[in-house]
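Enquirer: sequence and predicted structure, then a few things I'm wondering about:
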Amino acid sequence: MSQIHINLPTKRLLILSDLHLDKAQASYKAKFLNTLQKSDFDAVLITGDVSVAATLTEHLIKIAEVCGNRPVIITTGNHDYYGSSLREVDQGITDLCANQANLIALGRGEIIKLSRTTALLGHRGWYDGLAGSGKKTRVESPDRFLIEDFRGMGRTDFFRKLNSLGMESADYFRRLLPQALSRYQRVLVATHVPPFTQGVRYDGKGCVWNRQPYFANRSLGNLIWGISKRFPDRQIQVHAGHTHSATSVRIRQNLFLEVAGARPGKPIIGNFLHIS
């Protein structure tokens with residue numbers, strides 16, 4: 001995969017996650033879109049779970065339209081694939097971005113320059129089934145039945161697939177993150193599933209071991225941890241969602257994790273990040 005360098009001067013970045021617009025009543029969607037349109041930002045980053053497959057394109061178009069000329073940068077989340085497959089949804093987003101000038105999908109080799117010192121890169125990631133009790137968990141994931149890639153799989157094959165998806169995101173950042181860190185003082189990493197269990201909460205509380213396999217991507221976390229040690233004078237700031245429980249964690253001196261909060265059916269404007 002070749003690198004794609006994008007220059008996107010940004011001073012004020014709005015970060016959204018887990019909008020779940022498919023679950024929102026019309027009045028809540030209208031209020032959210034109206035507030036988004038009037039908000040003061042240069043670009044918006046969405047770290048997954050905008051909708052479900054059947055309405056994802058519709059909702060992304062609405063978001064892109066109310067943002068006007070301001071870029072909308074997205075990674076997908078597991079819910080965005082509900083009712084379809086990874087390949088079909090990813091292709092649909094690629095086609096949409098080709099026709100929607102201000103919509104940018106991450107995960108295709110982009111290193112986005114936000115300022116002289118800050119860059120952004122991202123990949124959807126996935127929970128890899130390795131955290132907590134791993135494949136011995138007694139908790140079931142609805143993704144196994146609602147995403148075509150997983151349907152009909154036994155538990156062994158399902159967890160093998162999860163491991164593969166986690167490694168896919170780790171391999172992606174293994175290629176791009178060191179290159180970004182060699183050029184920029186601060187690199188923002190966007191992904192849907194938190195890479196570190198320190199930032200994984202469920203219903204606002206510590207996530208129990210039986211749920212952790214579906215709430216963290218340890219493959220990616222281990223990779224980012226290792227790279228952060230190689231670049232001690234650079235900062236890595238990971239932005240994720242998925243858990244619906246907001247938290248901010250310093251993983252090590254130069255490595256931070258920010259997880260967005262959310263209430264399904266009630267999309268809200270998230271946090272603004274100042275880019276210097």
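Expert: That came through, no problem.
Enquirer: how about the residue lying closest to Cys207 once chain neighbours are set aside, phi and psi?
Expert: The shortest distance from Cys207 to any non-neighbouring residue, by C-beta to C-beta, 6 or more residues apart in numbering, is to Val200 (4.5 Å). In this view, the C-beta of every residue, glycine as well, is placed from N, C-alpha and C. For Val200, the backbone dihedrals are phi -100, psi 120 (criterion: degrees, to the nearest 10).
Enquirer: what's the neighbour count on Pro232?
Expert: 9 (other C-beta atoms under 10 Å).
Enquirer: quick one: the nearest residue to it once chain neighbours are set aside from His274, how far?
Expert: Ranked by C-beta to C-beta, 6+ apart and with sequence neighbours excluded, the top spatial neighbour of Pro232 is Asn254, at 6.0 Å. Counting by C-beta to C-beta, to the nearest Å, the gap from Asn254 to His274 is 18 Å.
Enquirer: these two: who's more crowded?
Expert: Between Asn254 and His274, Asn254 has the larger neighbour count (other C-beta under 10 Å), namely 17 against 9.
Enquirer: tell me where the stretch 151-276 of the chain has strands.
Expert: Applying DSSP state E, counting those that start in this stretch to the stretch 151-276 of the chain gives strands spanning 186-190, 201-202, 205-206, 235-240, 247-252, 255-259, 271-274.
Enquirer: show me the helices in this protein, by range?
Expert: Along the chain, counting by DSSP state H, helices occupy 26-38, 53-66, 86-99, 143-146, 155-181, 218-230.
Enquirer: select, out of the ones you listed, the one closest to Glu110.
Expert: Between Glu110 and those, the shortest gap by C-beta to C-beta is with helix 155-181, which sits at 8.3 Å.
Enquirer: the closest one vs strand 186-190, what angle?
Expert: 160 degrees (axes from the mean of the first three to the mean of the last three C-alpha atoms, to 10 degrees).
Enquirer: any buried residues in helix 155-181, and which?
Expert: 158-159, 161-163, 165-170, 172-173, 176-177, 180-181 (16 or more other C-beta atoms under 10 Å).
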